[in-house]
Each structure stands twice: as structure tokens, then as C-alpha cells.
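# Got a sequence here, can you build the structure:
(chains A and B)
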Amino acid sequence: GAVVSQHPSRVICKSGTSVKIECRSLDFQATTMFWYRQFPKKSLMLMATSNEGSKATYEQGVEKDKFLINHASLTLSTLTVTSAHPEDSSFYICSARLLAGGPTDTQYFGPGTRLTVL
Amino acid sequence: KQEVTQIPAALSVPEGENLVLNCSFTDSAIYNLQWFRQDPGKGLTSLLLIQSSQREQTSGRLNASLDKSSGRSTLYIAASQPGDSATYLCAVAPRSGTSYGKLTFGQGTILTVHP
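Next up, the predicted model:
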């Protein structure tokens, strides 16, 4: 089946630093990737939609200058949390939608990245 | 705005029981509904996907039904096992438009199956 990886799986950083999270589709091409955020014991909230070769579209209430998204290739999207603060601590999950040749309405999810900002 | 609700929030059952998890959504204009499993600190594993034109899907001990007109879906787990312990999430995808592909998730049901 389709596999999506995320790196790192866990990161701890100091307040004020920037953190980059990578999302890769390992065995398929994805024109669209999605970034979600999950607080403890809460559901997933969509942050933004990342389209290869174009600017990401952000959900209402998500600061685009705070959460920079780059989708440089059909297999890689990155989320950079800039000037991170403790309130940015969360579990970040990406998903990738299959380009073609399969059930294009299926999203495959990465294993998530646990960000802790001290 | 689509809202997805899951009941119960938590469920604890002895091994071997059959159980039902419920999911309801407010806007019936959906493309599909999907059930996921999430283990603690992990990502999501897709269990079943039901297209809007379908009534149910089955995979092993799992059966998911969809009643789009009433905005409800159920996930039936037969002969539960301790390994089924996890959080179960349902998510709906909108039919079309600019929201295409954007999943709306429920809060999840935390299932514990004890030996």
C-alpha cells in the first residue's frame, strides 16, 4: 500500500527557534498534501492544503507566516514552524492524496511528528 | 460548516464482545466517509472507506454502514480483541468545490478491550 513518512518523529526545541517537518510519499506521487494538527485527546484539525508547485491554502485562523508550507516536488512537502512558542506544542500529521492510477479520493497519513517547545 | 460527532467518547469492554461505534455528521453532502484507527502517539490507519453511494463496507471483523440521509455511520467490531484497543476516528469528505479532499474529523472514540 501507499506509504507516507514524516521526519522527525519527535522534536524538542527552545522557544523562538524554527522547526522544519518533512512529509514524504514514498511510493507514489502526490499533487496534494494536507497538514493537520492534533492537541492531546482532541481530534485532527486541518491547517492547510499543500499543492505541488503553488502556494498553500490555509484554513481560517491559521497564521501562514507562522506555519510555512513548501511543496517543492510530487513527493515532498515541508512545514516550518517559525519562532516556535510553547503553545505551538502539538502533534502534527500530514496526509498525501494519490495522484492517479488508484483511488484518488483516498488520503494516506503519515505517522505524525510530536513537537514540544520549551 | 460540517460538524462530526462521535459517540461514545470512550468505551471499555471485555474481550469477545461485539460493539458499535457511532458517528454523525450535520451536512449530508458528502463524497465519502472514512473510519480510521489511531494508536497512542501514532498516525492514522485507514480501516474502511464508504463512498456516498454505498451503504456499507466490510473488512474482516469490521463492518461500517452509512445512512447519508440521516447523517449517520456506524462501525461494528465483531469479537473484539485486546489488540483492537485504540482511538477510532471517523471523517467525512465534502462532495466538491474548493473543499474537495478536506476531511472533517470527529473527536474519536477511545476503545479499551480488556482480557
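
# Ramachandran angles for the nearest residue to B:Cys90 once chain neighbours are set aside?
Excluding the flanking residues, the one nearest B:Cys90 by C-beta to C-beta, 6 or more residues apart in numbering or on different chains is B:Cys23, at 3.7 Å. For the C-beta atoms, the positions are set from N, CA and C on the backbone; glycine is no exception. For B:Cys23, the backbone dihedrals are phi -140, psi 130 (criterion: degrees, to the nearest 10).

# Tell me what B:Cys23 is bridged to.
With beta bridges defined as DSSP bridges, B:Cys23 has these partners: B:Gln6, B:Ser73.

# Next, work out how far apart it and A:Val81 are.
Using C-beta to C-beta, to the nearest Å, we find B:Cys23 at a distance of 31 Å from A:Val81.

# more neighbours, the two?
More neighbours surround B:Cys23 than the other of B:Cys23 and A:Val81, with 26 against 23 (other C-beta atoms under 10 Å in any protein chain shown).

# Please see if the one helix or strand A:Lys20 maps to touches chain B.
A:Lys20 belongs to strand A:19-25 when assigned by DSSP states H and E. No: applying C-beta under 8 Å from any C-beta of the partner chain, one finds strand A:19-25 separated from chain B by no less than 10.7 Å.

# Which strands and helices lie in contact with that strand?
Contact analysis of strand A:19-25 by 3 or more C-beta pairs under 8 Å, 6 or more residues apart in numbering or on different chains; DSSP states H and E lists strand A:4-7, strand A:10-13, strand A:32-38, strand A:76-81, strand A:90-97, strand A:113-117 as its packing neighbours.

# Residues contacting stretch A:76-89, please?
With C-beta atoms under 8 Å, 6 or more residues apart in numbering or on different chains as the test, stretch A:76-89 has contacts from A:13, A:15-25, A:33, A:35, A:47, A:50, A:65-72, A:92, A:94, A:96, A:115-118.

# List the contacts of the lowest-mean-pLDDT helix or strand in chain A.
Ranked by mean pLDDT, DSSP states H and E, the helix or strand of chain A with the weakest confidence is strand A:107-109, at a mean of 87. Applying C-beta under 8 Å, 6+ apart, the contact partners of strand A:107-109 are A:1-4, A:25, A:28, A:34, A:93-98, B:36, B:43-46, B:101, B:103.
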